[in-house]
Each structure stands twice: as structure tokens, then as C-alpha cells.
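# the following comprises the amino acid sequence and a computationally predicted model.
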Amino acid sequence: MKLDPTSTDPLKTQTLRYLDWLHRWLAPDNLAQLRSKLSFQTGILAGFALLASILLGITNCSTEGAIQQRLAEDLQKSLAEVVPAELHDNDMLQDTRTIPSTDYNIGTDETIVYIAKKAGQVTAVCYKFTAPDGYSGAINMIMGVDRNGNLLGVRVLSHKETPGLGDKIEVAKSTWILNFVGRSLDNLTPAQWAVKKDGGEFDQFAGATITPRKSVQAIYRSLQLFKAHQAELVKP
Amino acid sequence: MLSDTYRKIATDGLWNNNIVFGQNLALCPLLAVTGTATNGLGMGLATLVVITASNGLISFTRHLIPSEIRIPIFVLLIAALVTLVDILMNAWAHELYKVLGLFIALIVTNCALLGRAEAFASKQPVKAALWDGLMMGLGFTLVLVVLGAAREISSAGTLFANASVLLGESFKFLEITVIPNYKGFLLMALPPGGFIMLAFLIVGKRLLDQKLAEKKAATDVLTPMPAE
């Protein structure tokens, strides 16, 4: 498009005048004298706040999708660790159900259950749960259970336990958490669902009893949660 | 070559006026993350980026900032920068974010950033301010890594454990077991151990400075300044 020179010329001079004014306004001498004025101080603080908000707003909006996707990938990775790939052919992230869990999963009124299906049949379920009473804060875990209530795997997602002692619940530090594979409410009595010090089946760590004790208790409660909703969860 | 001013900024940042050894600032993030050398390195690099950016930004806008309201503006700028880095890293460098994410938010509590903004960036041209941020950041990283390494060796007998998670598989060679079959010394991994080790490091630095000053005084006597 070709612009009529007579119509752009005033625009150009106007723009140049504004730029010139801005240039003179931004000169250190002018700013030095403005800086002591209350109205300038108020304005400049508001200006900085506005600029920061706009910048953060734009960044937040433009990265929201990417961050959601990264979180979904993280979840996918955790799910894959506790539910073997050969057990399902569906996208577990899309196949979810929400069950009330106030009694068993302490601290959460509702638990999202990811359903693993093979050829339309429910083969396993997977959900996150929490031991709210670890030695130094909540221990967040995820577990996979097959349709009969046998544990497929448990992993710790995050915790604040003592480094070198309580952190043996992580699979990277010790194989302790792998001892739960194949366990269920049927093949262990309630008394056996405890650390050895309390007369149960599972090892405690030298120098740290509370962390494994509370982990075992939370896993036990989570299995009860599955049992309470088993009929509803495994129906196709 | 560096001019004298820039060389002085460098030696101040790295040694003489080091954030931790010279100014005794930033102890909160320092003690929180230096359980291992790897964590120290991660926190140091994250701080390095933010302090350089905040120094540059504050120096660039220094004529606009009235001294009466400079503190709120500095805090605003630093907090915005840290949040920006936090969001961007979460989106585009997610693996690194999972390791460093905890530390990024901690940078806001780092009073060294405000200290540099106030003492240096608000009075100096952009180039000098960027250089100062870089050197202060490097000096801080150095202390974090040394303190982390000292605590890690004494608490677990290893050095740079999990460095490959932070830096990638090619840095696996950094992970060394210094003392095999070490039974562990938990105190050094916990916050009190941080204070104790930091005290040793500061004493060591002071002793070294004293030795250097004595040596310098001795050589000055032996080789007098040439006559005018």
C-alpha cells in the first residue's frame, strides 16, 4: 500500500516531536530535578509495578501450556514406574476416576485414580497418596495396584526426611520400597503390615524408624482405599 | 586487558569483598542448600544469572529511581526477575528445574542481590554493574561449592554426588567417592554443620589474608620503592 506523502508528513513530524520530548525528558539533568517530586515518585513506582506485572503476565500466559505439558509428562513417567507397560494399552492420563478418600488417604477428600485398561478390561489402577505424618513433613507417594488388590509398585514422589537416614525410602537410595511388590491385604495380616520393630514384615532403617513406619502405614491405608472401591473401580 | 577499575571489581567480588566471606550476606540460602557440592553449584549458577541481570537492569534504570523509593523498586525488580527465571525454567528447562526449582525461589531471600543493587548498581554504569554482578555471582558460587564439598565429604564421604542429574550424563566423572565405606557424620549434613563448616572456612580465609599481608609487608621492606 502506498501512503499519500501529504498525510504521513504531519504524522512523522509529530512522532519526531514526541521522541525529541522523550529524549529531553530522559536526560539525566531533567530526571535529577524530577526525582524529588512526590508525583514523579508515585508515578515511577506505579510504572515499575505495571511493567513488572505486564511482563510476568505475558510470560505466564505464553508458558502455561508448556508447563502443563511438562507436568503431564512427569506424571506419565511416575505412572509408568508403578504400572508395567504390558498391563495397559490406553492413555492412563485420560482415563481417570475420582473417588472420595477422606478416611484412607489422610489430608485429601478426593483421590484421582488413573485406570489401566487392556482391550477394554481394567487391569490395574494407580493413584497418588500421602503419609502426612513423616518424620519431618508429608511423604508423597504413588502406587499401582492390579485388579485383585496386589501391589504392582510403590514410589516416593517427594519427601523431606533426613538425608542419609530417612531418605532410604527413595528407590534411588535403597531397594527397600521394592519389597512391597506383590503384597496385598490378603497375603499379609494387618499385624504384618508394620515395620519389624512393631512385629511386622518390613525392615526399618538403622537410626530411622519413623519414616518407614509411617510409609508402611500409609501404604496399608491406601490398599484399604482400593478395597473399599474395588468393585466400582474394576468394572469396565 | 582489564582496566584497573574492572580488575578491582573482580578481586572484590571473588575474594576481598566476597558476598559470604567479606560481606557476610546471603547466609540463609547458603546454609540451606550446601549439603552437597552439586546443590551448591546449582544454587550458585542460578544466583549468578539473577544477580547479573538485576544489576544490569537496576543500573540501566538508575536515573529514573528516586532515592526515597529505591528499596521498593529494587525489591520489585528482583522479585519479578526471579519469578521470570522460575517460570521460564519450568517451561523450557524442566529437567534442570526439577533439580534447581527449589533454589530459584530461594534467591528472593538472598539479601546480597539487594545489597549489590544498593551499593553498586544504582551508582555505576551498566557495563560495570554487569561485571560486578558476574564477579559477585562467581565468588558466591565458589563459596557454595567449597562449603558444599567440605560438608559432603565430612558427612557422606562423597563429592559431587548426583552431578550428572544437574549437568548431564557427560559430567558423571565428577561423582567421586572420597572415603569408601564411610559410616557418615549426619551433623555436617544438617544446618548446624553448615554453620560450623562456614566458621572454619571464614577463619581459614582470614588466616590466609593475614599471611599474605605479612608476606607483602616483608617484601616491601626488602625491596624499597625506587627513588623518584
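Everything's here; your move. Numbering: from 1, shown residues only, chains lettered A, B, ... in the order given.
# helices of chain B, start to end?
With DSSP state H as the criterion, chain B has helices at B:4-11, B:27-33, B:37-60, B:70-92, B:94-106, B:111-116, B:126-156, B:163-167, B:186-189, B:191-222.
# now tell me which of those the model trusts least on average.
By mean pLDDT, the lowest-scoring of the helices of chain B turns out to be helix B:163-167, with a mean of 74.
# and it, what does it pack onto?
Other elements packing on helix B:163-167 under the criterion 3 or more Cβ pairs under 8 Å, 6 or more residues apart in numbering or on different chains; DSSP states H and E are helix B:37-60, helix B:94-106. Where you see a C-beta, it was placed from the backbone N, CA and C, and this is true even at glycine.
# now the helices of chain B in CSV, with distance to residue A:20 and mean neighbour count?
Output for those, formatted as CSV (distance: least, Cβ to Cβ, whole Å; neighbours: other Cβ atoms under 10 Å in any protein chain shown):
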stretch, distance to residue A:20, mean neighbour count
helix B:4-11, 34, 14
helix B:27-33, 46, 19
helix B:37-60, 21, 24
helix B:70-92, 27, 19
helix B:94-106, 42, 17
helix B:111-116, 35, 22
helix B:126-156, 24, 22
helix B:163-167, 51, 18
helix B:186-189, 62, 18
helix B:191-222, 54, 12
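# what residues does chain A have near chain B?
Residues of chain A lying near chain B by Cβ under 8 Å from any Cβ of the partner chain: A:26, A:28, A:31-32, A:35-36, A:40-41, A:44-45, A:48-49, A:52, A:55-56, A:59-60, A:63, A:66-67, A:70, A:73-74, A:162-165.
# in helices, which of the residues you listed appear?
Per DSSP H, the residues of chain A next to chain B map to helices at A:28, A:31-32, A:40-41, A:44-45, A:48-49, A:52, A:55-56, A:59-60, A:63, A:66-67, A:70, A:73-74.
# give me every residue in chain B lying close to chain A.
Residues of chain B lying close to chain A by Cβ under 8 Å from any Cβ are B:35, B:63-69, B:72-73, B:76-77, B:79-80, B:83-84, B:87-88, B:90-92, B:94, B:98, B:155-156, B:184, B:186, B:189-190.
# tell me if I'm right that residue A:126 and residue A:145 touch.
Yes - if you go by Cβ atoms under 8 Å, residue A:126 and residue A:145 touch, sitting 7.4 Å apart.
# can you give me the end-to-end span of stretch A:135-152?
With Cα to Cα, to the nearest Å as the measure, stretch A:135-152 spans 26 Å from end to end.
# er, stretch A:191-202 actually
End-to-end distance for stretch A:191-202, by Cα to Cα: 11 Å.
# before we move on, back to that, could I get the helices of chain B as TSV with distance to residue A:181?
Shown next, in TSV, are those (distance: least, Cβ to Cβ, whole Å):
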stretch	distance to residue A:181
helix B:4-11	56
helix B:27-33	34
helix B:37-60	31
helix B:70-92	33
helix B:94-106	25
helix B:111-116	48
helix B:126-156	28
helix B:163-167	25
helix B:186-189	30
helix B:191-222	36
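# between those helices, which gets nearest to residue A:131?
Of all these, helix B:94-106 sits nearest to residue A:131, with 20.5 Å by Cβ to Cβ.
# domain ranges for chain A?
Chain A breaks down by automatic domain parsing into domains covering A:5-64, A:83-234.
# deepest-packed of these, please.
By mean neighbour count, with neighbours taken as mean count of other Cβ atoms under 10 Å in any protein chain shown, domain A:83-234 ranks first of the domains of chain A at a mean of 17.
# what does the average pLDDT come to for it?
Mean per-residue pLDDT for domain A:83-234: 88.
# before we move on, the earlier item: of the domains of chain A, which is nearest residue B:180?
Using Cβ to Cβ, the nearest of the domains of chain A to residue B:180 is domain A:83-234, at 16.1 Å.
# end to end, how far does the closest one reach?
In domain A:83-234, first residue to last residue: 15 Å (Cα to Cα).
# look up the closest residue to residue 28, ignoring the ones flanking it.
You didn't pick a chain, so chain A it is. Spatial nearest neighbour of residue A:28, excluding adjacent residues (Cβ to Cβ, 6 or more residues apart in numbering or on different chains): residue B:63 at 5.1 Å.
# wait, I meant chain B there
What sits nearest to residue B:28 in space, not counting adjacent residues and going by Cβ to Cβ, 6+ apart, is residue B:109, at 5.2 Å.
# report the separation between the residue nearest to residue A:28 and residue A:45.
Going from residue B:63 to residue A:45 by Cβ to Cβ, to the nearest Å gives 15 Å.
# need the pLDDT of residue B:21.
Reported pLDDT for residue B:21: 87.
# test my guess that it contacts residue B:204.
No - between residue B:21 and residue B:204 there is no contact under Cβ under 8 Å: 9.6 Å.
# can you classify residue A:132 by secondary structure?
strand (DSSP: H, G, I helix; E, B strand; the rest coil).
# quick check: it vs residue B:35, distance?
Distance from residue A:132 to residue B:35, counting by Cβ to Cβ: 25 Å.
# nice, that's everything, thank you.
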